[in-house]
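Peer 1: pasted the sequence and its predicted model underneath.
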Amino acid sequence: MRGLGFGRRSALACLAIAAALAARANTAVEPVPRDAGWMKRHEAFVQIAKAGHVDVLFLGDSITDFWRTRGHAVWDRYYGNLHAANFGINADRTQHVLWRMDHGELTGLHPRVVVLMIGTNNTGNERAGTKPRNSTAEAIAGVTAVVRDLREKLPEAKILLLAIFPRGEKADPQTAQIHEINAALATLDDGRFVHFLDIGPKFLRADGSLEPADFMPDKLHPSPQGYEVWAEAIQVPLAQLLK
């Protein structure tokens, strides 16, 4: 009976340890899909990838996605002749981009440059309650995993890794989190295949607060003028990488 009691306690201890490890699991590096509407968009990107002929691939979340709407005219002027494709999906996090890349969005593509900005949706808290989406370290690991996956799947492509754009109020905890993430992402720059670029200051006043609504009306997504700022800021670096 004693042995059985010890075994049961051991089993319970193992379960407790497993539960603790599961609770600490980093969702930012675990590839997962989203809903049916998201899947339709993913499948459309897979078809674009199969067709090939993409020299510049933009990959990210809503900030990239909205090149199609408020940034459309700017996109046409800067990228209309560059064989560019936009694989941005609203509300995506690193784990969603990882899943997309693992399920065909890069198959058949041989871009010369990938313009990547992801991670803002891994910061801050979930909409319901105060549960953090990810810690700063987890978000860094998530973006790093995306970069590594791109290097593995597109070994000849150059990656223009953009810092996460500033958002919200200067005093928001999310602002400090993004600053820490960007500082870590800068270390991924290897001077050859991965090139880090922080254009966030172009959206800020001298005191570190966001510029007036001309650039980011909702303090997150660029306006048409904001997309013009973005395009101008990466024009020379992108041209250099395309050489």
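Peer 2: Received it, and whenever you're ready, just let me know what you need. Nothing here was measured: the structure is a model prediction, and the numbers come from that model.
Peer 1: can we go C-alpha only for contacts and neighbour counts from here?
Peer 2: Noted.
Peer 1: ok, now how distant is the residue nearest in space to the middle of the chain from Val143?
Peer 2: In the chain, the residue lying closest to the centroid (C-alpha atoms, centre = their mean) is Ile118, at 1.2 Å. Separation of Ile118 from Val143 (C-alpha to C-alpha, to the nearest Å): 7 Å.
Peer 1: and for these two, which residues touch both?
Peer 2: Thr94 (C-alpha atoms under 8 Å, 6 or more residues apart in numbering).
Peer 1: just to revisit the earlier point, let me see the contact set for the residue nearest to the centre of the chain.
Peer 2: Listed by C-alpha under 8 Å, 6+ apart, the contact set of Ile118 reads Leu59, Gly60, Asp61, Arg93, Thr94, Val143, Ile164.
Peer 1: those residues in strands, which ones?
Peer 2: Leu59, Gly60 (DSSP state E).
Peer 1: JSON lines for the contacts of Ile118, including neighbour count and distance to Asn125?
Peer 2: Formatted as JSON lines, these follow (neighbours: other C-alpha atoms under 10 Å; distance: C-alpha to C-alpha, whole Å):
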{"residue": "Leu59", "neighbour count": "20", "distance to Asn125": "23"}
{"residue": "Gly60", "neighbour count": "25", "distance to Asn125": "20"}
{"residue": "Asp61", "neighbour count": "24", "distance to Asn125": "17"}
{"residue": "Arg93", "neighbour count": "27", "distance to Asn125": "13"}
{"residue": "Thr94", "neighbour count": "30", "distance to Asn125": "15"}
{"residue": "Val143", "neighbour count": "27", "distance to Asn125": "18"}
{"residue": "Ile164", "neighbour count": "22", "distance to Asn125": "16"}
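Peer 1: relative to Ala44, which of the contacts of Ile118 is nearest.
Peer 2: Ala44 has its nearest neighbour among the contacts of Ile118 in Leu59, at 14.2 Å by C-alpha to C-alpha.
Peer 1: thought the closest one was touching Gly119?
Peer 2: No. The pair formed by Leu59 and Gly119 falls short of the contact definition of C-alpha atoms under 8 Å, at 11.4 Å.
Peer 1: what residues are up against Arg112?
Peer 2: Counting by C-alpha under 8 Å, 6+ apart, Arg112 has contacts Asp55, Val56, Glu156, Ala157, Lys158, Leu241, Leu242.
Peer 1: quick one: it from Phe87, how far?
Peer 2: Taken as C-alpha to C-alpha, the span from Arg112 to Phe87 is 15 Å.
Peer 1: equivalent analysis for Val114, please.
Peer 2: From Val114 across to Phe87, the span is 10 Å (C-alpha to C-alpha).
Peer 1: which neighbours do the two have in common?
Peer 2: Leu57, Phe58, Leu59.
Peer 1: pick the one among these closest to His72.
Peer 2: His72 lies nearest to Phe58 out of these, by C-alpha to C-alpha, at 13.6 Å.
Peer 1: Asn90 - how many residues pack around it?
Peer 2: Neighbour count of Asn90, defined by other C-alpha atoms under 10 Å: 14.
Peer 1: helix, strand or coil for it?
Peer 2: Assigned by DSSP: H, G, I helix; E, B strand; the rest coil, the conformation of Asn90 is coil.
Peer 1: go ahead and confirm it touches Ile63.
Peer 2: Yes. At 7.5 Å, Asn90 counts as touching Ile63 under the criterion of C-alpha under 8 Å.
Peer 1: where exactly do the strands run in the chain?
Peer 2: Assigned strands in the chain, in chain order: 56-60, 84-88, 113-117, 158-162, 194-197 (criterion: DSSP E).
Peer 1: what comes into contact with the last one?
Peer 2: Residues outside strand 194-197 that contact it (C-alpha under 8 Å, 6+ apart) are Lys158, Ile159, Leu160, Leu161, Leu162, Ala163, Leu185, Ala186, Leu188, Asp189.
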